[in-house]
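# Dropping the sequence and predicted coords here.
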Amino acid sequence: MNDLSHLSDATALVTGANGFIGSHLVDQLLASGCAVHGLVRQSSDLKWLDASQVYLHKVDLARPDFEIPVLEEMDYIFHCEGLTKAKSRSIYFAVNATGCSNLYEQCRKRAGQVKGIVHLSSLAATGPSPQGSLVDETTPCRPVTFYGQSKLAGEEVALRFSDSLPVTVLRPPVVYGPREENFFTFIKLVHKGWGLQIGKAGKELSLIYVSDLVQAMLTASHPSQQRGCSYFVTDGRVHVWEHVAKEGARIMNVRLKTLKIPEGVLHPIALLFEAWASFSSQPALFDRQRMIDIQQSSWSASSEKFFAAVEFEPQYDLSRGLAQTIQWYQQQKWF
């Protein structure tokens with residue numbers, strides 16, 4: 001189901017509109033003929049947004065006294081805001097869980113005409129998968145990081161409101177594409193001829209290209225879709241990091257060498273980065289939470305339920321998605 005006619009002449013609210021996923025979603029909503037309101041933080045970098053086309057509101061969802069202007073006019077709400085890095089568990093929960101509760105409580109009171117709400121969660125809310133198998137919507141949630149725990153708490157909040165609000169939860173895995181800065185670090189190493197292997201080879205993961213995720217979110221917002229459900233959404237394949245690196249090297253015509261890093265060095269490196277970050281207001285670039293994430297043998301999920309429920313089919317396999325991403329990085333002179 002790729003019919004997005006429900007968005008034409010509609011009004012939508014996007015939280016985290018300035019972010020990697022949120023900004024791509026804003027672009028597609030505008031292209032679909034939708035009037036877009038974006039929620040951003042006071043300190044947000046707006047480089048991916050055209051402020052002349054988006055109604056921007058600077059709001060801190062973690063504060064209970066915030067107010068979203070014109071919430072009553074919204075037809076669709078896409079909740080993309082979230083923290084992927086933070087200095088403490090409480091900060092993760094303040095944004096990824098309490099912020100959700102504050103948002104949906106205002107929606108319950110004021111967004112009487114809303115037809116669809118898409119809550120963007122994460123595979124991290126469920127936790128890693130055993131190597132060689134996939135998690136799905138029946139898998140018990142056992143998040144292993146503060147981020148995953150806070151995203152699960154946010155999901156639970158969203159679904160509690162599904163009796164009064166038309167909420168659908170989507171759980172993407174690693175999302176890549178133009179504007180993504182964390183994935184760029186991996187691609188930059190490949191561009192220099194290095195394929196990074198941390199610990200054992202063959203670690204598995206699910207991926208989705210950002211345009212496919214955006215299409216999935218827009219499709220899930222359709223008023224005809226079942227509400228109160230959670231879905232994994234991936235490109236439908238399982239990848240290994242070594243293959244992703246080799247495919248990137250092929251696209252860039254680079255000869256690849258393997259850079260092996262023992263998992264045992266991750267802990268002291270994380271402590272070093274955390275100590276450095278203690279002198280800054282910003283979270284560490286690498287910490288023990290990220291270490292836990294990296295140590296897992298598989299982050300893989302099945303999207304069969306979502307594909308069947310909404311008749312959705314991803315348009316980007318790894319080769320096409322990587323080629324588009326690398327081309328954008330090159331055009332932006334990121335390397």
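Arrived safely. Numbers count the residues shown, from 1 in each chain.
# what about the helices in the protein?
20-31, 89-93, 99-110, 146-160, 182-191, 210-220, 241-252, 266-277, 288-295, 304-310, 318-331 (DSSP state H).
# what's the closest of those to Gln197?
helix 241-252 (6.7 Å; C-beta to C-beta). The way it works is simple: take the backbone N, C-alpha and C, and place the C-beta from them, glycine included.
# Which positions within the closest one qualify as buried?
Trp241, Glu242, Val244, Ala245, Glu247, Gly248, Ala249, Ile251, Met252 (16 or more other C-beta atoms under 10 Å).
# I'd like the distance between the closest residue to the first one other than its chain neighbours and Val175.
This points to Trp241. Among residues not flanking Trp241 along the chain, Lys203 sits closest, at 5.5 Å (C-beta to C-beta, 6 or more residues apart in numbering). Computed as C-beta to C-beta, to the nearest Å, the Lys203 to Val175 distance reads 18 Å.
# what's the answer for Val210, then?
Val210 is 6 Å from Val175, by C-beta to C-beta.
# Return every residue with contacts to both of those two.
Both Val210 and Val175 are in contact with Phe20, Ile21, where contact means C-beta atoms under 8 Å, 6 or more residues apart in numbering.
# and which of the buried residues of helix 241-252 is nearest Leu25?
Closest to Leu25, out of all of the buried residues of helix 241-252 and judged by C-beta to C-beta, is Val244, at 24.1 Å.
# which residues touch the closest residue to the closest one other than its chain neighbours?
Closest residue to Val244 apart from its sequence neighbours, by C-beta to C-beta, 6+ apart: Leu318 at 6.8 Å. The contact partners of Leu318, by C-beta under 8 Å, 6+ apart, come to Leu207, Asp235, Arg237, His239, His243, Val244, Glu247.
# now do 7 Å
Neighbouring residues of Leu318 by C-beta atoms under 7 Å, 6 or more residues apart in numbering: Leu207, His239, Val244, Glu247.
# Please apply the same query to Glu304.
By C-beta under 7 Å, 6+ apart, Glu304 has no neighbours at all.
# count of neighbours near the residue nearest to Asp3 when sequence neighbours are not counted?
Nearest non-adjacent residue to Asp3, counting by C-beta to C-beta, 6+ apart: His222, 7.4 Å away. A count of neighbours around His222, defined by other C-beta atoms under 10 Å, yields 18.
# wouldn't His222 be in contact with His6 here?
Yes. With contact defined as C-beta atoms under 7 Å, His222 counts as touching His6 (5.5 Å).
# And the helices of the chain: which comes nearest Ile77?
helix 99-110 (6.5 Å).
# Next, the buried residues of that closest one.
Gly99, Cys100, Ser101, Asn102, Leu103, Tyr104, Gln106, Cys107, Arg110.
# For the stretch 101-250 of the chain, which residues score under the pLDDT cut-off?
Within the stretch 101-250 of the chain, no stretch has pLDDT under 70.
# just to revisit the earlier point, of all the helices of the chain, which lies closest to Arg41?
Arg41 lies closest to helix 99-110 among these, at 10.5 Å (C-beta to C-beta).
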